[in-house]
Every structure is written in C-alpha cells, then in structure tokens.
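A.B. asks: give me a 3D structure for the following:
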Amino acid sequence: MPKDKRRELRITSQDDDLIVEAAGLIGVSVSEFLIDRALKDAEELVEAHRSIRLQSDSYERFLAALDRPAQAPQELLRQIKASRPIKHVD
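C.D. replies: Numbering: from 1, shown residues only. A predicted model of the protein is given here:
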C-alpha cells in the first residue's frame, strides 16, 4: 500500500537520541522504528477497547442476560401510551 500520509511531531533532543539509538540497535530506520511501535501499541489499544474479557462465571451470566427476552422499561411504555400520535405532514 502506498504511503500517502505524513505526520510531524516535535520531540526533545534527548528523546530523539534515544529513538535513534534504539532504532540502530535493531537495525531499522527511525521511521520504521516509530511506525512499528506506534502500530503495535495502536492495535493493542484498539483491541482492548473492542473486546470484553470476563471470568468464567461472569461470562455465563453475560450470555444468560443476552438470551433473556428484551423487556421495555414500564415507565417508557407508559409515556409512549400517554403521548399524542405523531402526524405525518407532506
């Protein structure tokens, strides 16, 4: 996939020196080092927010709750019944 975006950031000289040294230690460019690390961290963070992790007993209760039929809140049903019908106007 062609690289068509550019990001710029400002860092301290000390941070730059550390990043350059780290990239050199594993034999990659600074850009490759930063992109690889950022993507790894981004994937982990996104996955953590997209996943639900439960212990066994909690998982069973969660599945049971999903299997129960949905019940509308009684107060909401009362308000709907008490409201005026909506008229459609062209």
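A.B. asks: quick check: chain neighbours aside, which residue is closest to Phe62?
C.D. replies: Leu54 (5.9 Å; C-beta to C-beta, 6 or more residues apart in numbering). Quick note: C-beta positions are derived from backbone N, CA and C, even for glycine.
A.B. asks: what about the one you found, which helix or strand?
C.D. replies: In this assignment (DSSP states H and E), Leu54 forms part of neither any helix nor any strand.
A.B. asks: could you measure it against Ala70, distance?
C.D. replies: In this view, Leu54 and Ala70 are 21 Å apart by C-beta to C-beta, to the nearest Å.
A.B. asks: same question, Ala23
C.D. replies: In terms of C-beta to C-beta, Ala23 sits 53 Å off from Ala70.
A.B. asks: which one of the two has more residues nearby?
C.D. replies: For Ala23 versus Ala70, the count of surrounding residues by other C-beta atoms under 10 Å is larger for Ala23: 18 against 5.
A.B. asks: what helix or strand does that one sit in?
C.D. replies: Counting by DSSP H and E, Ala23 is found in helix 13-26.
A.B. asks: export that helix as CSV, just CAs?
C.D. replies: The C-alpha coordinates for helix 13-26 follow below in CSV (Å, rounded to 0.1, in the frame of the first residue of the first chain):
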residue,chain,number,x,y,z
SER,A,13,16.9,16.2,21.7
GLN,A,14,17.2,13.5,24.4
ASP,A,15,14.1,11.7,23.1
ASP,A,16,15.4,11.9,19.6
ASP,A,17,18.8,10.5,20.7
LEU,A,18,17.1,7.6,22.5
ILE,A,19,14.9,6.8,19.5
VAL,A,20,17.8,6.9,17.1
GLU,A,21,19.9,4.6,19.3
ALA,A,22,17.0,2.2,19.7
ALA,A,23,16.4,2.0,16.0
GLY,A,24,20.1,1.5,15.4
LEU,A,25,20.2,-1.4,17.9
ILE,A,26,17.6,-3.4,16.0
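A.B. asks: that's all I had, so thanks and see you.
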